[in-house]
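*Asks:* next input, structure requested:
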Amino acid sequence: MDYPGSLETIAEIAVALAGFSALVALLATKDQARRKFEALGLQVMLEASLFVVALSLLPVVLFELGLAAGTVWRSSAAIFLIVDIAITVSVRMRSRGWSEHFGSGERIVAPATSILSSIADGLMLWVLVDYGVGSPSGVYLLALYLNLLLAGILFVRFAATNLVPAE
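*Replies:* Okay, here's the model as predicted:
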């Protein structure tokens, strides 16, 4: 399998999601009360997409630096975990009190994104400790795929909340 090609494709999809988010933000209604909420939603969406982009390209960079395959995947997994935990904590701190703006759909979206993120983090921990992982590259790709799904869910939520006129 062509891992650099697969990783680059994932990165391209994430960049497209980020671009669509910016477009949605431009098309969204600009009710004064919703501006701060819209900015937070756009920021979270862009962070999720850029997270996938950066971590999709990381193993390629490490391979090109001459690191051994095992080291590449363990290093990538460690960086994935550190960055994901930092982003998750930051987003949770910034989004306190905003759940009412997302509406009733948030009861489904929030647990889904938490579950996807937790599974991806668990996969990265599995690669990091190297306990019986047959294909660390495959596990890494699966974790990226889950984060791409998460970015897609965030995009749909962002678009839905920003393209619906304020009541």
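
*Asks:* quick one: low-confidence parts of the protein?
*Replies:* Low-confidence segments of the chain, defined by pLDDT under 70: 1-7, 10-11, 14-15, 17-38, 95-109, 133, 161-167.

*Asks:* mind checking the longest helix of it?
*Replies:* Longest helix of the chain, by residue count under DSSP state H: helix 35-64.

*Asks:* helices and strands around that one, which ones?
*Replies:* Helix 35-64 is packed against helix 3-27, helix 69-94, helix 136-163, with contacts defined by 3 or more Cβ pairs under 8 Å, 6 or more residues apart in numbering; DSSP states H and E. From N, CA and C alone the C-beta is placed, and that goes for glycine too.

*Asks:* number of residues surrounding Ile85?
*Replies:* Look at Ile85: counted by other Cβ atoms under 10 Å, it has 12 neighbours.

*Asks:* ugh, wrong one, Ala39
*Replies:* For Ala39, using other Cβ under 10 Å, the count is 11.

*Asks:* for the one 5 residues further on, same thing?
*Replies:* Counted with other Cβ under 10 Å, residues neighbouring Val44 total 22.

*Asks:* now do the one 10 residues further on
*Replies:* The number of residues packed around Ala54, counting by other Cβ under 10 Å, is 15.

*Asks:* next one: Gly134
*Replies:* 6.

*Asks:* ok, it - contacts?
*Replies:* Neighbour list for Gly134: empty [criterion: Cβ atoms under 8 Å, 6 or more residues apart in numbering].

*Asks:* which SS class is it?
*Replies:* When classified by DSSP: H, G, I helix; E, B strand; the rest coil, Gly134 comes out as coil.

*Asks:* Leu67 too?
*Replies:* The three-state label given to Leu67 by three-state DSSP is coil.

*Asks:* wait, it sits on Arg74?
*Replies:* No: checked against Cβ atoms under 8 Å, the pair Leu67 and Arg74 is beyond contact range at 9.6 Å.

*Asks:* good, we can wrap up now.
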